[in-house]
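**Q** Provided below for reference: sequence and predicted model.
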Number of protein chains: 2
Amino acid sequence: MARRAAEPAGGRRRSTIREVADRAGVSVATVSRILSGSYPAAPATRARVMRAVKELDYVANAHARALAGTPSKSVAIVLNSVISPHYAHVAQGVETQAAAEGRLCLIGTTGGDPERELAMVKFMREQHAEAVILVGNVVADDRYRERMSQYAHALAAIGSRLVLCGRPPLGPDVPAVVVEYDNAGGAFAATSHLLSAGHQRILFVGRRPGYTTADGRLTGYRRALDAHRVPHDPALEVEGTMEWHEGYRMMKERLAAGPPDFTAVFCLNDLIAGGTHKALAEHGLRVPDDVSMVGFDDLPPSLDLGLTTVHLPHEEVGRTAVRLALEHEARGGTPPHVTLGTHLVVRDSVRPRFR
Amino acid sequence: MARRAAEPAGGRRRSTIREVADRAGVSVATVSRILSGSYPAAPATRARVMRAVKELDYVANAHARALAGTPSKSVAIVLNSVISPHYAHVAQGVETQAAAEGRLCLIGTTGGDPERELAMVKFMREQHAEAVILVGNVVADDRYRERMSQYAHALAAIGSRLVLCGRPPLGPDVPAVVVEYDNAGGAFAATSHLLSAGHQRILFVGRRPGYTTADGRLTGYRRALDAHRVPHDPALEVEGTMEWHEGYRMMKERLAAGPPDFTAVFCLNDLIAGGTHKALAEHGLRVPDDVSMVGFDDLPPSLDLGLTTVHLPHEEVGRTAVRLALEHEARGGTPPHVTLGTHLVVRDSVRPRFR
DNA sequence: CGCGTTTCTGTAACCGTTTTCCGGAACAGT
DNA sequence: ACTGTTCCGGAAAACGGTTACAGAAACGCG
C-alpha cells in the first residue's frame, strides 16, 4: 500500500481492533462488543480480549467510532481570550458541566475578531459539536448578524445548538439558546447602594456605546439615578474599554483636568476599578475615605481592593449554557432564554456621606 | 434502515457529500477534489459544485475525513483549572500557537485529580491529538508516575507527543517534551533583590514540600541567602498552598503569634502576595514602608499592588510547548527539554533598609 | 482522419469502528 | 437420540469521506 508509506518518522502504527481480534483469536465484532461493555460474553473470551488490549495498548479510534454511529459527544466553546478572568470562569463552568455530562470540551479563541469567530463556528460544526457556545462581546454589524443566524439555523437543522452567553439574542426567529445575566439590575443595585449612602455625584467609568454589556450597566446606573430623583449629568460618564490600563487612563485624565467633581465612582468592571483605584491613589485620594467606589464582576482584583462590587455568576453561566443546550437538544421546541440574577457584594469601598 | 430511526427530534439530516454530488450532477470524487482545493477542475463544474454546497449548507464530516486519511490536526491541553490566571495564560499561549499552526485545540480540566488527568490523557489519545500538553502541579506518586510514562510511550509510538509544562521530567528514558521555567533562578533574583536592599530576615510564605514549583522557588530563596552569607532560619518558612486566602491565613497567624520578626516577605506567588498584603494591612503594616515584599508570577494582582515580582513567560511556555511538540513530531529523536528564563520586575513594594 | 496528449471526471477500494443478521455449539427435556 | 432453547461469536454492511486508477472527451498535429 502506497498509502502506508507516509508514516510519522519514529512510529509503529496505531493498533487497530483487527489486530486485537487476531491476537485474541476472535473476530472484530466480538472485540467491539466486549469493549463497548454490556454484552454477554464468555468469561474466557473476555479475558483473552482484555489481555490482548492491554498488550497492544489499544485505544479505539474516536473518529471511526463516531463515523460508525457512536459519536463521542462534545461541546464547543468559543471566546475572545481565555486570559480574561470573566471568560475564564465561564469557560470553567462550561468545562465542568460538559465533563459532568460526559462530554469532551472543544475550545477556540477569536481575539475578538468576528471573522475568526465565524470560522470557528464552522469548524466546530464540522466536528459535530452538540452545542456551540459563544461567549462575550462583539460589535454586531449586519453582515455578522446575518451569517451568525444562518449558522444558528444550520446547527439547529442537525440537532445541535448555538448558545449565546452574555450577549443579546440575534432575533426572535433565530434558534439560539441565550444565557444572560442581569447587567442592568446589578448596576441598579450598585448605584442605589451609593445613592443610599448619600452620594449624588457618581462618576460612571467605562461607557462604551454599542457594546451590550456596557450599555446594560449604563442603563441600570441611569435608572437608579432616576429612581432616586438625582439629576443625570452626562459629563459624569467617561468612555473607555474594559481593561485595567483604561481605568487608569480615564481616571488620570479626569483628575488632570481639574479637582474631582464627584464623590463616588461606578466602575464598569473590576479591572477598571483596579486601574481607577491606582490613579486615585497617585493623586492622594484614598478609597473609601475620600472617594467611594463600586465595581462589577466580583473577580479576583476586588478581593485585594476590598471592593464592593456586583457578583456575577460566571461559572453558573457556563454550566447553564451547557445544561440548557443539552436538554433542549433532546426536547426540541423554542430555545430557552434565561437571565441569571446578580447581587451586590458589600466589602469596604463605600463610605456614607452626609450633607 | 433501522439505523436512521434514532434521529434527533427536530432535525433534517446533515447533508452528505453524495447529496452535493447529486445536486451538482457530478460524482462524489469531483466534489471532494474541488472542496479540498488545489485541483484542476473545469470552471463550470466548480461553479455548479460550489452552488450546491451553498444551497445545502454542506460542511464536511471531520470524522469521516480523519478516517479517510486527512486528519484535522489537533492539539490537546490538560490542566487543573482554567480560572487560575497562570494556567489561563499558558492555555492562551497554547491556543494561539495551535491556531497559528492550523490546529484545533482540545481542552480538559482535572481539578488537580491525578485520576482524572490520566483519564483525560487516554481520552485525548482516542481523539488522535498530535500532542497532549500537561500543565501544572501534581503530587506524583509512583503509580501515577508509572502510568503516565506508559502513556508517554504509547503516544510516542504513534508519532504523537506528551508535553510536560512546568513540571519535572518523568525520567530519562520517557519520551516526553518538557518545558519549564526557571523557578530557582527567579527566586534567587527576587531574594537577592531584598538582600541587596539590606533585608536580612525574609519570611518565605508558601512552602510546600513535594510540589516541584514550590520546591524550586524555595531552593532559589535559600541559595540567595547562602550567597549573601545570611544565616538560614527554618522558622522563617511558612507552609501553605498557592491561594489568596492561604496567603491571608498564613500572615494572619504569623502576626497573631507575636510581633513581626521579619522585615521583608517573599511570597510564593502573586495570589499569596495579595492575601498577605491584606493581612498586613489589617495589622496596620504598610507595604513597603513597614514591610518589603516580593511576589512571583507577574499576574494581574501584582499590578494593583504595585508589587515587585518575578515575571514568568506564561504564554511563551504554552507557545513553546506546541512548537516543540510539533517540530519534534516531525523530526523524531530525543525529545527536547527547555527551561525558559525569568526576570525580576521592579515595581514599588521594596524599600531599602539600613542598619 | 487517425492518433497521441492533455484534461477532466467517474469507479471503487479503503480508513476503523459498530451493529444487524445468522449460524453453530452446548445443553436440557422427553 | 432428537429437537428446541440459549448462548456466543462470525460475516458483512453501513458510516462519509479521500484517492489511485482508469476511462472519456476535447484538442492539436501530421
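**A** Okay, I see it. Since the model is a prediction, treat every value here as computed from it, not as a measurement.
**Q** CA atoms for contacts and neighbours, from now on please.
**A** OK.
**Q** Show me what the helix or strand where residue A:150 lies is packed up against.
**A** Per DSSP states H and E: residue A:150 is located in helix A:142-157. In terms of contacts (3 or more C-alpha pairs under 8 Å, 6 or more residues apart in numbering or on different chains; DSSP states H and E), helix A:142-157 is packed against helix A:114-126, strand A:161-165.
**Q** 10 Å instead?
**A** helix A:114-126, strand A:131-135, strand A:161-165, strand A:176-181 (3 or more C-alpha pairs under 10 Å, 6 or more residues apart in numbering or on different chains; DSSP states H and E).
**Q** Could you check the angle the longest one makes with strand A:131-135?
**A** Just to be clear, that refers to helix A:114-126. 160 degrees (axes from the mean of the first three to the mean of the last three C-alpha atoms, to 10 degrees).
**Q** Equivalent analysis for the third one, please.
**A** Angle between the axes of strand A:161-165 and strand A:131-135 is 20 degrees (criterion: the same axes, to 10 degrees).
**Q** Strand A:161-165 relative to helix A:142-157, how many degrees between them?
**A** Here strand A:161-165 runs at an angle of 130 degrees relative to helix A:142-157 (the same axes, to 10 degrees).
**Q** gap between strand A:161-165 and the chain center?
**A** 10 Å (C-alpha atoms, centre = their mean, to the nearest Å).
**Q** what angle separates it from strand A:176-181?
**A** 20 degrees.
**Q** and the stretch 251-355 of chain A, which of its residues are near chain B?
**A** Contact residues, the stretch 251-355 of chain A versus chain B (C-alpha under 10 Å from any C-alpha of the partner chain): A:271, A:273-278, A:300-306, A:315, A:329-333.
**Q** Can you read off the backbone torsions of the most centrally placed residue in chain A?
**A** Against the mean C-alpha coordinate of chain A, by C-alpha atoms, centre = their mean, the closest residue is residue A:90 at 3.8 Å. The phi and psi values for residue A:90, taken as degrees, to the nearest 10, are phi -60, psi -50.
**Q** Is the helix or strand containing residue A:22 positioned near chain B?
**A** Assigning secondary structure by DSSP H and E places residue A:22 in helix A:17-24. No. If you take C-alpha under 10 Å from any C-alpha as the test, helix A:17-24 misses chain B, and the best it gets is 12.8 Å.
**Q** Run through the neighbouring helices and strands of that helix.
**A** helix A:28-35, helix A:43-56.
**Q** and the helices and strands packed on helix A:142-157 as a markdown table, adding mean pLDDT, distance to DNA strand D and mean neighbour count?
**A** Conversion of the helices and strands packed on helix A:142-157 to a markdown table gives the following (pLDDT from 0 to 100; distance: least, C-alpha to the nearest atom of the strand, whole Å; neighbours: other C-alpha atoms under 10 Å in any protein chain shown):
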| stretch | mean pLDDT | distance to DNA strand D | mean neighbour count |
| --- | --- | --- | --- |
| helix A:114-126 | 85 | 9 | 19 |
| strand A:131-135 | 93 | 18 | 27 |
| strand A:161-165 | 92 | 19 | 26 |
| strand A:176-181 | 93 | 24 | 24 |
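**Q** For the ones you listed, could you give me JSON lines that also reports distance to chain B?
**A** Shown next, in JSON lines, are the helices and strands packed on helix A:142-157 (distance: least, C-alpha to the nearest C-alpha, whole Å):
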{"stretch": "helix A:114-126", "distance to chain B": "5"}
{"stretch": "strand A:131-135", "distance to chain B": "13"}
{"stretch": "strand A:161-165", "distance to chain B": "11"}
{"stretch": "strand A:176-181", "distance to chain B": "14"}
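**Q** so can I have CSV of the ones you listed showing distance to residue B:214?
**A** Below are these laid out as CSV (distance: least, C-alpha to C-alpha, whole Å):
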stretch, distance to residue B:214
helix A:114-126, 38
strand A:131-135, 35
strand A:161-165, 37
strand A:176-181, 38
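**Q** Can you pull the residues of chain A lying near DNA strand C?
**A** Applying C-alpha under 7 Å from any atom of the strand, we find that chain A lies next to DNA strand C at A:14-18, A:28-33, A:35-36, A:59-61, A:64-65, A:67-70.
**Q** Quick check on these: which are buried?
**A** Buried members of the residues of chain A next to DNA strand C, scored by 16 or more other C-alpha atoms under 10 Å in any protein chain shown, are A:14-15, A:17, A:28, A:30-32, A:35, A:59-61, A:64-65, A:67.
**Q** Out of the residues you listed, which one has the lowest pLDDT?
**A** Minimum pLDDT for these is recorded at residue A:14 (80).
**Q** hang on, it packs against residue B:159?
**A** Yes. Counting by C-alpha atoms under 10 Å, residue A:14 touches residue B:159, with 9.0 Å between them.
**Q** circling back to that earlier point, who's in contact with the residue nearest to the centre of chain A?
**A** Shown in contact with residue A:90 (C-alpha atoms under 10 Å, 6 or more residues apart in numbering or on different chains): A:77, A:79, A:82, A:96, A:135-136, A:165, A:313-321, B:82-83.
**Q** Mind doing that once more with 6 Å?
**A** By C-alpha atoms under 6 Å, 6 or more residues apart in numbering or on different chains, residue A:90 lies in contact with A:314-315, A:318.
**Q** After the longest helix anywhere in chain A, which helix or strand is next?
**A** In chain A, with assignment by DSSP state H, the single longest helix is helix A:314-331. Following helix A:314-331 in sequence order, the next helix or strand is strand A:337-340 (DSSP H and E).
**Q** if we can go back for a sec, so which of the contacts of residue A:90 is the most crowded?
**A** residue A:318 (27 neighbours; other C-alpha atoms under 10 Å in any protein chain shown).
**Q** Serialize the contacts of residue A:90 to a markdown table and add fields for pLDDT.
**A** Converted to a markdown table, these look like this (pLDDT from 0 to 100):
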| residue | pLDDT |
| --- | --- |
| A:314 | 94 |
| A:315 | 94 |
| A:318 | 95 |
